[in-house]
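Peer 1: Okay, sequence plus prediction incoming.
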2 protein chains.
Amino acid sequence: MPLYKAPLRDMQFVLKDLLKAEDHYASLQGREEVTPDLMDAILTEGAKFAEEVLAPLNQVGDQQGCTWSEDGVTTPEGFKEAYDQYREAGWTSMSARSEFGGQGLPPSMGLLLSDMIGGANWSWSMYPGLSGSAARVLEVYGNEMQQERYLPKMTEGSWMGTMCLTEPHAGSDVGLSRTKASNNGDGTYNITGTKIFISSGDHDMTENIIHLVLARVEGAPEGTKGISLFLVPKFIAHEDGSLGDRNGVTCGSIEHKMGIKGSATAVLNFDAATGYLIGEENQGLTYMFLMMNTARMGTAMQGLSLGQLAYQGGLEYARERLQMRSLSGPKNPDGPADPIIVHPDVRRMLLTQKALTEGSRAFLYWILMLVDQASHGETEEIQKEADELLHLLTPIAKAFVTETGLEVANYGMQIYGGHGYIGEWGMEQIVRDLRISTLYEGTTGIQALDLLGRKIMGTGGKALMGLTKRIHKFCEAQAGNAAMEEFVAPLAQLNKEWGEITMQIGEKAMQNPDEVGAASVDYLMYSGYIAIAFMWAQMVELAAGGSEGDAFMASKVKTARFYFQRILPRTESHKLSMLSGADNLMALDVDEFAF
Amino acid sequence: MPLYKAPLRDMQFVLKDLLKAEDHYASLQGREEVTPDLMDAILTEGAKFAEEVLAPLNQVGDQQGCTWSEDGVTTPEGFKEAYDQYREAGWTSMSARSEFGGQGLPPSMGLLLSDMIGGANWSWSMYPGLSGSAARVLEVYGNEMQQERYLPKMTEGSWMGTMCLTEPHAGSDVGLSRTKASNNGDGTYNITGTKIFISSGDHDMTENIIHLVLARVEGAPEGTKGISLFLVPKFIAHEDGSLGDRNGVTCGSIEHKMGIKGSATAVLNFDAATGYLIGEENQGLTYMFLMMNTARMGTAMQGLSLGQLAYQGGLEYARERLQMRSLSGPKNPDGPADPIIVHPDVRRMLLTQKALTEGSRAFLYWILMLVDQASHGETEEIQKEADELLHLLTPIAKAFVTETGLEVANYGMQIYGGHGYIGEWGMEQIVRDLRISTLYEGTTGIQALDLLGRKIMGTGGKALMGLTKRIHKFCEAQAGNAAMEEFVAPLAQLNKEWGEITMQIGEKAMQNPDEVGAASVDYLMYSGYIAIAFMWAQMVELAAGGSEGDAFMASKVKTARFYFQRILPRTESHKLSMLSGADNLMALDVDEFAF
């Protein structure tokens, strides 16, 4: 079992050198300032907690899983104790607003932490992660009663929150939900229905659980326009915040899943449970989107952090496992064979892991800075610009980093040969745990439609132009820099092509709306590879003064070269596939798929 | 849980229409003739057994797994009973030689059967599958005593066989094995050592198990040149074939694996166990290769048959699951939403499954005909030509069909959204069961080295030329056929490029042997996509008379179009990646992979 080690050197490099985090945090308004010392302390302490407390519980969580009984769900051994430590150390309150007992740090800090605790133990990290997202919704949209009675406990972590969207017949199509809310006329509603796939829907880690539930008020319009959001606590809180009556929400069962077995995925039955309307009726989806956007970035972090773990595991094994001799002569002549890292194809797998993981880290951390800026940027203009870019990049981050993360995790297994398939080595668990990431919080297909349909076509290409202009400016600034030529030339070329292809698809889509769906996933992956190339080019630029004597920077330059020569060419296949149009997909009658 | 249905229509199409199986079987020498009626009967009865007996045990096998005790391994409920039925119906003896009680049918018939029983229940199918391979080795290399005492029981299926290669420190590098054999001077050897990853290494399905074990005779040369093959029975047979003494081989434990949980993967401890030398000392690897080649084709069938199951599951769900409306207007206006098969991206996933699965079926069945011809072809020339092609195509079949099979299986899960991650739907089991296929019987990397290093470079490109000439001839014969132009033009172009690229890599490899390993996996995948394109082009040619009114052929033409427009372009990325050379892989010092 690879025991997670936080990649602090790379994290610091991306934050400090690439993203100038010091200036970034100093520029934010209305949030506690993150000084370099504070950032170092958070990273170091977060790494310690992840490595020492959470990593040893990762395999335990998978082996024991959660258990259901009529009295509720029991989490794996040690999960609750780890959570108590986490809560007592103040981690749950880090990004919460100070008026609700939080430390008021910028949102990015919570997600940076999640990179480490997620890599160490993704299942465990889902409990506080989702709870934090629920608390953010209450901070923004809750009324005074809701904020006063429920938020302080959620902030201090003694209660947790969930988000309850999915129903058996309503997954991606949330407009089909049937859970009902009937107005009691006293400020409360009775909520009745069944929700499935509710992460942390029931557990023994906190004494109370605060569900945020989408339901349809009687008489509301059909579809997504008639959906409202309710706060439905497991135990109703008294005015002073103490525990009151048990509410009519019960956990009917938990799912048996491929992975993330330490995370309780509940079926929740609401039987005239007392619910409190959040905000206004029929605006539920708008409020939920705040949560979904955070959850999408959280899921992107899953691709990154479990990819990191798979890379660490693969690298460790490749350095130790002795099999066969290097084709260019023995490298370990005194041993019975050479370590497999001498073999070019093992290196191809490792470098694919390294290039995608480190590239994704730069990409996602950049987006975290945009998350901060969108709400706390220095000027309105900065906020607006960050918000636009954030909207564009979120679906790419979610889908691309999870899809490529899965590739990275599968290479982790592959490097181990047959041992990769055996539970005790821990590599197959990473694949199983990560496999959910392209499914939940909106599948890859849903992200791709969001990107190409809403974010690109929906803005007439404007959102994309904001990004391609940045890349163009970067490339122009490198003109005449011979050391950068091998990176800048293909990036500039692809950046130009990106705009042209988008125009072409846009024109076809005006004739046939299916063209958007037909191009969408290839388009998203194509975009992702260019975005990561942009990050690699910027990282390489930092070595502009030469990387001699600096092994870390030399490694970055070599990894960038690998990325540009061996990964970026995938854009070619995606381009050809998406430009082939919708006809080859739509031509088959439904009955022609099988005989 | 998708219950497997044998795709008889497609199997018949490939066998009869594409591969002219009737002529093929009539032409073979020294084997019972397979008449069209017999072939139909075998396919129909095999399908019935697979669907009715094995498919219902597939999920049971995963849930229960095998259990170990000191007395031996117990297989999941129903596995033994299904095997008794299988044996009594005569399936185990189908391809065995008549002099050992077999039915003497051509080898291809056993592999065709495995397409169906593997799709229905891969774990179960491994027991008789591997046993058959072991019996083939004894048929060819065993001495009279070994054949008389052990083969008849293996043929009738009352005993099973295994192959014991791997040791903890010797996986791909079998030359490192340490299991010892000391000659007792009475025709027996004492075998001592530990073997791991032994499929069907212990179980309760038969009263005896015949292990074929690689071991090193005392004083033998180091490495692969000093390895011999031994027959080591669990119970030593008396002269009359009845059960004698328990031998010194015990099952120390079984592995906890990601999937194929119904298949017992044993650690076997040999403690001065009595072994009988097969053939001559130090020739073990040569004999084992016979088994490994069959096992590689068997593993390729795993990619195909589980891919088929994943496609069936995905298609069923896509036709039934109602979510959202078609972008081009409601297709199911009376329902709450449209079936998801209306969405272009769902079709892209389904068609990727269909095009890869049906293309792989044609490809693998073609190879099965070559397997027959290599040993039983009409003339020596036919045998030689088939053998050369078979050697070239086996590593492509094994690695390409399992790698793309995994993609097909993952799309099966993906089409189900979150439900795909839940055990009861059965889709995640397919991914877990199939994940082993790129690891065992030689990883993808090992197959790729075999292809490019031994089969291509090792023959100076001659083996490849045999294939590219065939493709060239096919393309030339289509000249002027306008309906074929869209398929023939890109195929001819790629076929030409294939040869050119091979030359380029060959030249670079002469300077630097690492160039072979650096190009190998991309080269294999590139080759696989071209091979499948060749199969699709040939299938489409059968519709030359037009596909009007014939929905089956119309579907083939549309699927071929999808393959050429959306899958075949992947060759571009593989080409660019492999031509980028070894430097981008070898440049990093081992210490530069992590900091």
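Peer 2: That came through, no problem. Keep in mind the model is a prediction, meaning the values are calculated, not measured. Numbering: from 1, shown residues only, chains lettered A, B, ... in the order given.
Peer 1: Could I get the full set of strands for chain A?
Peer 2: Along chain A, the stretches classed as strands by DSSP state E are A:67-69, A:72-74, A:159-164, A:180-183, A:189-199, A:208-217, A:228-233, A:235-237, A:243-246, A:249-254, A:265-278.
Peer 1: at contact distance from chain B, anything in the fifth one?
Peer 2: Read it as strand A:189-199. Yes - figure legend: strand A:189-199 in contact with chain B (CB under 8 Å from any CB of the partner chain); contacting residues A:Phe197. (Glycine included, C-beta is placed from N, CA and C.)
Peer 1: Strand partners (parallel or antiparallel) of that strand?
Peer 2: strand A:180-183 (antiparallel), strand A:265-278 (antiparallel) (DSSP bridges).
Peer 1: which of these is buried the deepest?
Peer 2: strand A:265-278 (a mean of 22; mean count of other CB atoms under 10 Å in any protein chain shown).
Peer 1: Please tell me how far it is from the chain's geometric centre.
Peer 2: 26 Å (CA atoms, centre = their mean, to the nearest Å).
Peer 1: correct me, but A:His419 touches A:Trp425?
Peer 2: Yes - here A:His419 lies in contact with A:Trp425, judged by CB atoms under 8 Å, at a distance of 5.2 Å.
Peer 1: Single out the residue in the stretch 101-250 of chain A that lies closest to chain B.
Peer 2: A:Asp173 (4.0 Å; CB to the nearest CB).
Peer 1: Spatially nearest residue to that residue (excluding sequence neighbours)?
Peer 2: Counting by CB to CB, 6 or more residues apart in numbering or on different chains, A:Asp173 lies nearest to B:Gln323, which is 4.0 Å off, once chain neighbours are set aside.
Peer 1: do the same with A:Phe230
Peer 2: Nearest to A:Phe230 is A:Gly275, by CB to CB, 6+ apart, at 3.5 Å.
Peer 1: List the contacts of the one you found.
Peer 2: Contact analysis of A:Gly275 by CB atoms under 8 Å, 6 or more residues apart in numbering or on different chains lists A:Ala181, A:Thr188, A:Tyr189, A:Asn190, A:Ile191, A:Val213, A:Ala215, A:Phe230, A:Leu231, A:Val232.
Peer 1: from the stretch 301-450 of chain A, which residue is nearest to chain B?
Peer 2: Taking CB to the nearest CB, the stretch 301-450 of chain A has A:Pro344 as its residue nearest chain B, at 3.5 Å.
Peer 1: How about the stretch 401-550 of chain A?
Peer 2: Counting by CB to the nearest CB, the stretch 401-550 of chain A gets nearest chain B through A:Gly517, at 3.5 Å.
Peer 1: got the residue ranges for the helices in the stretch 451-595 of chain A?
Peer 2: Secondary structure of the stretch 451-595 of chain A (DSSP state H, counting those that start in this stretch): helices located at A:462-477, A:485-511, A:514-541, A:551-562, A:570-579, A:583-586.
Peer 1: Can the shortest one be said to contact chain B?
Peer 2: Yes - taking CB under 8 Å from any CB as the criterion, helix A:583-586 and chain B are in contact, through A:Asn584, A:Leu585, A:Met586.
Peer 1: how about that helix: buried residues?
Peer 2: Of all the residues in helix A:583-586, those buried under the rule 16 or more other CB atoms under 10 Å in any protein chain shown are A:Asn584, A:Leu585, A:Met586.
Peer 1: any idea of the pLDDT on the second one?
Peer 2: According to the prediction, A:Leu585 has pLDDT 98.
Peer 1: pLDDT weak spots in chain A?
Peer 2: Within chain A, the segments meeting pLDDT under 70 span A:545-547.
Peer 1: who's in contact with whatever residue of the stretch 1-150 of chain A ends up closest to chain B?
Peer 2: Here the stretch 1-150 of chain A gets closest to chain B at one residue, A:Arg9, 4.5 Å apart by CB to the nearest CB. Neighbour list for A:Arg9: A:Phe552, B:Phe595 [criterion: CB under 8 Å, 6+ apart].
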